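Asks: sequence and predicted structure are below.
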Amino acid sequence: MILGFLSKRGGIMKRNISRMLFLGIILVSMSGFFLSCANKKDGKIKIGALQLVEHVALDAAYAGFVDALAEEGYVDGESIKIDFQNAQGEQANCQTIAQKFINDKSDLILAIATPAAQAVANLTETIPILITAVTDPESAMLVKSNEMPGTNVTGTSDLTPVAAQIALIKKLVPEVKTIGFLYNSSEQNSKFQIDLAKKEADALGISYLDATVSSSNEIQQVVQSLVGKVDAVYSPTDNMIAAGIPTVAGVLNPAKIPFIVGEEGMVQAGGLATYGINYYALGKQTGKMAAEILRDGKKPATMPIQYLQGGDFALNEASAKEIGIIIPEELLLELGK
């Protein structure tokens with residue numbers, strides 16, 4: 001009877017041990033699950049941010065993107081982790097960085113400027129991609145149409161008021177006969193805007209010369225070749241030229257040639273004037289679109305490309321003084337002077 005009791009008790013103990021082991025396995029599994037959830041909350045929303053090159057406009061667009069996400073509750077270092085990378089103007093670097101973001105299993109990628117956007121879009125069709133500072137995503141073959149992207153890409157266009165910029169040349173240089181169009185011939189963004197500029201110049205009866213560069217090392221020589229041939233120079237929102245504005249202004253200003261540019265950051269760096277968009281606001285607009293994807297589950301394929309409306313007049317008074325140009329009263333009024 002004692003043996004039976006001990007045998008029965010031993011069976012109970014074995015069952016209890018089995019239950020404890022089973023419960024232990026469940027607890028370990030659940031702790032792993034909750035740890036995984038905690039990690040997701042603490043930083044597993046990974047955002048890769050690829051910027052083509054460092055200059056005022058693109059820097060402002062990135063700052064606006066980060067600030068907009070924070071306003072929407074996605075603070076870098078808290079609920080999200082942003083891996084920011086600058087390609088230093090090199091297409092090869094864009095491809096390497098884009099591949100890194102994919103290998104890191106980023107949840108969303110921001111691409112700033114057309115070459116950066118193309119590098120990322122060529123490598124993934126599944127990760128949502130937000131673009132900004134891309135003039136025409138459709139012609140850059142990033143989306144099927146700007147109205148209905150139909151791909152994993154959406155974002156904001158930095159299409160500036162090109163017609164107003166060319167008209168501005170006529171206001172500043174009433175006797176203008178020939179404009180030099182200075183741009184990077186390999187940047188789709190620039191070619192698109194130059195085509196628009198040429199149409200406006202044709203409508204105003206102004207002739208023009210193409211002055212193209214393919215590397216930053218060519219800028220000074222190409223700009224010097226325009227001296228004595230043109231009455232003004234125009235550059236759109238071209239990333240290579242924007243990064244080399246001091247070089248351009250260093251040639252044109254002493255030669256008394258007005259340099260009209262595509263955006264305010266280029267004016268601040270030495271260009272004479274522009275009607276341009278606010279890149280910080282453009283970046284904020286992009287950040288709000290990113291929040292809609294992360295929070296609301298929206299799909300880039302059905303999110304139209306967005307634009308900023310209007311353009312603000314900007315003037316570099318130091319450049320105007322060096323050139324010796326008289327600014328019309330109507331333009332000074334736009335500056336509140």
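Replies: Alright, I've got the coordinates.

Asks: any idea how this protein splits into domains?
Replies: Per automatic domain parsing, the domain ranges recorded for the chain read 44-158+278-304, 162-276+312-334.

Asks: could those be laid out in a markdown table, adding mean neighbour count and mean pLDDT?
Replies: Just so you know, the C-beta spots here come from the backbone N, C-alpha and C atoms, and that holds for glycine as well. Shown next, in a markdown table, are these (neighbours: other CB atoms under 10 Å; pLDDT from 0 to 100):
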| stretch | mean neighbour count | mean pLDDT |
| --- | --- | --- |
| domain 44-158+278-304 | 20 | 96 |
| domain 162-276+312-334 | 19 | 96 |
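
Asks: now His55: how far from Asn239?
Replies: Using CB to CB, to the nearest Å, His55 is found at 7 Å from Asn239.

Asks: kindly report the same for Ala119.
Replies: 13 Å.

Asks: could you do Thr114 as well?
Replies: Using CB to CB, Thr114 is found at 8 Å from Asn239.

Asks: need the overlap of contacts for the two.
Replies: Common neighbours of Thr114 and Asn239, counting by CB atoms under 8 Å, 6 or more residues apart in numbering, are Leu52, Glu187, Asn189.

Asks: reformat those as JSON lines; add distance to Ala70 and secondary structure.
Replies: Output for these, formatted as JSON lines (distance: CB to CB, whole Å; DSSP: H, G, I helix; E, B strand; the rest coil):
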{"residue": "Leu52", "distance to Ala70": "23", "secondary structure": "coil"}
{"residue": "Glu187", "distance to Ala70": "31", "secondary structure": "coil"}
{"residue": "Asn189", "distance to Ala70": "28", "secondary structure": "helix"}
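
Asks: sec struct for the residue lying closest to Ala87 once chain neighbours are set aside, please.
Replies: Distance criterion CB to CB, 6 or more residues apart in numbering; nearest residue to Ala87, sequence neighbours excluded, is Asn93 at 3.9 Å. Under the three-state scheme (DSSP: H, G, I helix; E, B strand; the rest coil), Asn93 adopts helix.

Asks: all strands of this structure, in order?
Replies: 46-51, 81-86, 108-112, 129-134, 153-157, 178-184, 207-213, 232-234, 259-260, 273-276, 306-307, 312-315 (DSSP state E).

Asks: check which helices and strands the fourth one sits against.
Replies: This means strand 129-134. With contacts defined as 3 or more CB pairs under 8 Å, 6 or more residues apart in numbering; DSSP states H and E, the packing partners of strand 129-134 are helix 56-71, strand 108-112, helix 114-121, strand 153-157, helix 279-296.

Asks: with just CA atoms, put the last one into PDB.
Replies: As requested, C-alpha coordinates have been extracted for helix 279-296 and formatted as PDB (Å, rounded to 0.1, in the frame of the first residue of the first chain):
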ATOM      1  CA  TYR A 279      12.300  73.500 -49.500                       C
ATOM      2  CA  TYR A 280      11.800  73.200 -45.700                       C
ATOM      3  CA  ALA A 281       8.000  73.400 -46.400                       C
ATOM      4  CA  LEU A 282       8.400  70.900 -49.200                       C
ATOM      5  CA  GLY A 283      10.200  68.500 -46.800                       C
ATOM      6  CA  LYS A 284       7.500  68.900 -44.200                       C
ATOM      7  CA  GLN A 285       4.900  68.000 -46.800                       C
ATOM      8  CA  THR A 286       6.800  64.900 -47.600                       C
ATOM      9  CA  GLY A 287       7.100  64.000 -43.900                       C
ATOM     10  CA  LYS A 288       3.300  64.200 -43.500                       C
ATOM     11  CA  MET A 289       2.900  61.800 -46.400                       C
ATOM     12  CA  ALA A 290       5.300  59.400 -44.700                       C
ATOM     13  CA  ALA A 291       3.200  59.600 -41.500                       C
ATOM     14  CA  GLU A 292       0.100  58.600 -43.500                       C
ATOM     15  CA  ILE A 293       2.000  55.500 -44.700                       C
ATOM     16  CA  LEU A 294       3.300  54.500 -41.300                       C
ATOM     17  CA  ARG A 295       0.200  55.300 -39.300                       C
ATOM     18  CA  ASP A 296      -2.700  54.900 -41.700                       C
END
